[in-house]
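Novice: Mind folding the following:
(chains A and B)
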Amino acid sequence: MIPLDVRSKIEIKGLSYWYGNHQALREVTISLPEKRVTAIIGPSGCGKSTLIKSINRIGEVAGEIRIEGEVRVDGESVYGEEVDLVDLRRRVGMVFQKPNPFPQTIYRNVAFGPRLHGVADKRTLDEIVERSLRDAAMWEEVKDRLQDSAYGLSGGQQQRLCIARALAVDPEIILMDEPCSALDPTGTARIEETVAKLKDRYTVIIVTHNMQQAARVSDFTAFMLTGSLVEYNPTERVFRNPENPMTEDYITGRFG
Amino acid sequence: MSPITGRGGVRARKIFGRFAEGLCTGTTVLTVGALAYLLGGIAAGGWRTITWDFLTKAPENGMTEGGIFPAIFGTISLTVLMILMALPLGVSAAIYLNEYAGHGLVSRIIRAAVNNLAGVPSIVFGLFGLGFFILFVGRGIDRAFGLGLLFGQPAMLWAAATLAILVLPVIIVATEEALLAVPASQREAAYAVGATKWEVLRKIVLPQARSGILTGAILGVARGAGETAPLLFTGCAYFLPHLPVVQIPHTPVWVINPFDQFMQLSYHVFIMSTQSHNPTEVRPIVFGTALVLVSLTFLMNLGAILWRRRYRRLLEEARV
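Specialist: As a prediction, this is how the structure comes out:
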């Protein structure tokens, strides 16, 4: 598990999660470290996306869900009655599988969140947009065409724009749900560079089906299978000397 | 003999196939032919009547001469008023159904009600308009404020309200489709930066559904503009010596007066062909009026189709 000198940012305890009658998670317990990159790997349908979607409660946007167990961010229960979803989602940003920029200008995409949360001053907005685009490693590419449509960007650029949009509301945690699955190798490499830069300041949880990617970008790796957590260790350990034989079978390509 | 070739009558089966094809082709030709005959008849009977004077002058000489301008004016004003009422109602209802109602019993009942509303005969809407808007609401206001007989009589306002209810299903269905067409990933993206449900709707979903909603509005207009029965008891006039307009006091501005009665194209066709004291003599006027009505409706439908095409193209671009 995670070393004692690292602070835990997210605590998940005995979490079971149902979409209607389908159980996607089975009593998952995991503690995710602050300002580190944690990768979640596993075959399709193992519940890895559901696990991160339970943290910002975006899973319930699409339909009815039911949970048992608990999710805590900084010690506060995310599913408690007093939880303000607006504030939770501001603190826990998310980047999705397919780039999903709004059909608006690059500038407006990044400014969307800050504007919602009440930033109206043009200069402040300009600063936020520039800082967010810089953090997403795309300021130099787009600084001269902020007023162009986001749809003119390549897939990889669109995904980095989505990262910038998430960063613009000043989150503490960034969830990434297979952010490179729709991208080519170049786009993937740029996203990975971005992730590497983010980990000094943000807690990053990245779901991926690409094991090399998990090995390259993460400090810790969790392996999931059919809704359960199988192994969770420092990434080096998982890929060099996994604790569980099923993990070894998966990372060596014997199934999945 | 193999059991597959054992079933005989290949020839008979092929003949039956041709017969079925012929039947389908025939009914299609019949349908298209009927429409062509109808439109051709109206155009042939009416095109000579259509002159600048016909379009811009009032009926004259006991409605046997002159133009149909008051009916065109009435139709357009009525339709504008109708859509101003129907659009907010229909769009709100569709938003409620699609975004808030869920998939339970209540939403199923509401959807069934909307579908049934679309199937109610239009004359029933006319009677409803008379009974509810004029006698109940209108007279009710008059009695409550001691106004004599001001609201409780046929007027464009009530006719437009009646038509608005008639076109509600068209607008609700079109708006729902437009809302459904906005990808779930767009909603998720907005929620993920902390938008509330209303903000997601207002800032992301509705702007992207706008073209689809406007298409629904145009289809509603096209549907409502040609109706006659709902207007019979609610505000349509056989003949009016003036236009239903009123001058805003102390200004040179004239606006539509929703408390006045009005003339209307489809009703004009109806009375000219059944109530005229000389139906044969006014026949060209009937055809001319029908042609104007059909053209107006056609133009509005064309607008809706072009709009929708543009909208689909934009959506496809958005999905790249």
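Novice: Tell me which stretches of the chain form helices.
Specialist: Looking at chain A here, since you left the chain open. Taking DSSP state H as the criterion, chain A contains helices spanning A:48-53, A:85-91, A:106-116, A:122-135, A:139-142, A:155-167, A:185-198, A:211-217, A:235-240, A:245-251.
Novice: My question was about chain B, not that one.
Specialist: Remark: helices assigned in chain B by DSSP H are B:10-46, B:52-56, B:69-95, B:105-119, B:122-128, B:139-145, B:156-180, B:184-192, B:197-199, B:206-225, B:265-274, B:283-319.
Novice: Return the most buried member of these.
Specialist: Ranked by mean neighbour count under mean count of other CB atoms under 10 Å in any protein chain shown, the helices of chain B are led by helix B:156-180, which reaches a mean of 24. All C-beta spots, glycine's among them, are computed from the backbone N, C-alpha and C.
Novice: is chain A contacted by that one?
Specialist: No - using CB under 8 Å from any CB of the partner chain as the criterion, no contacts between helix B:156-180 and chain A are found, and the smallest distance is 13.2 Å.
Novice: now that helix, how far from the chain's geometric center?
Specialist: Relative to the mean C-alpha coordinate of its chain, helix B:156-180 is positioned 8 Å out (CA atoms, centre = their mean, to the nearest Å).
Novice: Mind giving me the packing neighbours of it?
Specialist: When contacts are defined as 3 or more CB pairs under 8 Å, 6 or more residues apart in numbering or on different chains; DSSP states H and E, helix B:156-180 sits against helix B:69-95, helix B:105-119, helix B:122-128, helix B:206-225.
Novice: So for chain A, which of those helices sits nearest?
Specialist: Between chain A and these, the shortest separation by CB to the nearest CB is 6.6 Å, and it involves helix B:206-225.
Novice: Residue A:81: neighbour count?
Specialist: Summarising burial for residue A:81: neighbours were counted as other CB atoms under 10 Å in any protein chain shown, giving 5.
Novice: meant to ask about residue A:18, not that
Specialist: In terms of burial, residue A:18 registers 15 neighbours under the definition other CB under 10 Å.
Novice: Quick check: the closest residue to it other than its chain neighbours vs chain B, distance?
Specialist: Taking CB to CB, 6 or more residues apart in numbering or on different chains, and ignoring the residues beside it in sequence, residue A:18 has residue A:66 as its nearest neighbour in space, at 4.4 Å. If you measure residue A:66 against chain B using CB to the nearest CB, to the nearest Å, the figure is 16 Å.
Novice: Before we move on, what's the pLDDT of residue A:66?
Specialist: pLDDT, residue A:66: 93.
Novice: Thought residue A:22 was touching it, still the case?
Specialist: No - taking contacts as CB atoms under 8 Å, residue A:66 lies outside contact range of residue A:22: 10.4 Å.
Novice: how about JSON lines for the helices and strands packed on helix B:156-180, with distance to residue A:240 added?
Specialist: JSON lines is the format used below for the helices and strands packed on helix B:156-180 (distance: least, CB to CB, whole Å):
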{"stretch": "helix B:69-95", "distance to residue A:240": "55"}
{"stretch": "helix B:105-119", "distance to residue A:240": "55"}
{"stretch": "helix B:122-128", "distance to residue A:240": "76"}
{"stretch": "helix B:206-225", "distance to residue A:240": "48"}
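Novice: With distance to chain A and mean pLDDT added, can I get the ones you listed in JSON lines?
Specialist: Formatted as JSON lines, the helices and strands packed on helix B:156-180 follow (distance: least, CB to the nearest CB, whole Å; pLDDT from 0 to 100):
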{"stretch": "helix B:69-95", "distance to chain A": "17", "mean pLDDT": "93"}
{"stretch": "helix B:105-119", "distance to chain A": "14", "mean pLDDT": "91"}
{"stretch": "helix B:122-128", "distance to chain A": "37", "mean pLDDT": "93"}
{"stretch": "helix B:206-225", "distance to chain A": "7", "mean pLDDT": "88"}
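Novice: Those helices: which one's closest to residue A:80?
Specialist: Closest to residue A:80 of the helices and strands packed on helix B:156-180, according to CB to CB: helix B:105-119, at 28.9 Å.
Novice: give me every residue that touches the residue of the stretch 51-200 of chain A found nearest chain B.
Specialist: Closest approach between the stretch 51-200 of chain A and chain B, counting by CB to the nearest CB: residue A:113, at 3.6 Å. Contact analysis of residue A:113 by CB atoms under 8 Å, 6 or more residues apart in numbering or on different chains lists A:90, A:165-166, A:168-169, B:193-194.
Novice: Present the residues you listed as TSV; the columns should include neighbour count and pLDDT.
Specialist: Converted to TSV, these look like this (neighbours: other CB atoms under 10 Å in any protein chain shown; pLDDT from 0 to 100):
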residue	neighbour count	pLDDT
A:90	22	95
A:165	31	97
A:166	29	96
A:168	27	96
A:169	23	95
B:193	24	95
B:194	23	94
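Novice: Run a quick neighbour tally on residue 65.
Specialist: You didn't pick a chain, so chain A it is. 18.
Novice: Let me rephrase: I mean chain B.
Specialist: The number of residues near residue B:65, taken as other CB under 10 Å, comes to 14.
Novice: how many other residues sit next to the residue nearest to residue A:196 when sequence neighbours are not counted?
Specialist: For residue A:196, the nearest residue in space outside its immediate sequence neighbours is residue A:217; the separation is 6.3 Å by CB to CB, 6+ apart. Look at residue A:217: counted by other CB under 10 Å, it has 24 neighbours.
Novice: in terms of contact, does residue A:217 touch residue A:206 like I think?
Specialist: Yes - taking contacts as CB under 8 Å, residue A:217 lies within contact range of residue A:206: 6.6 Å.
Novice: That'll do, ta.
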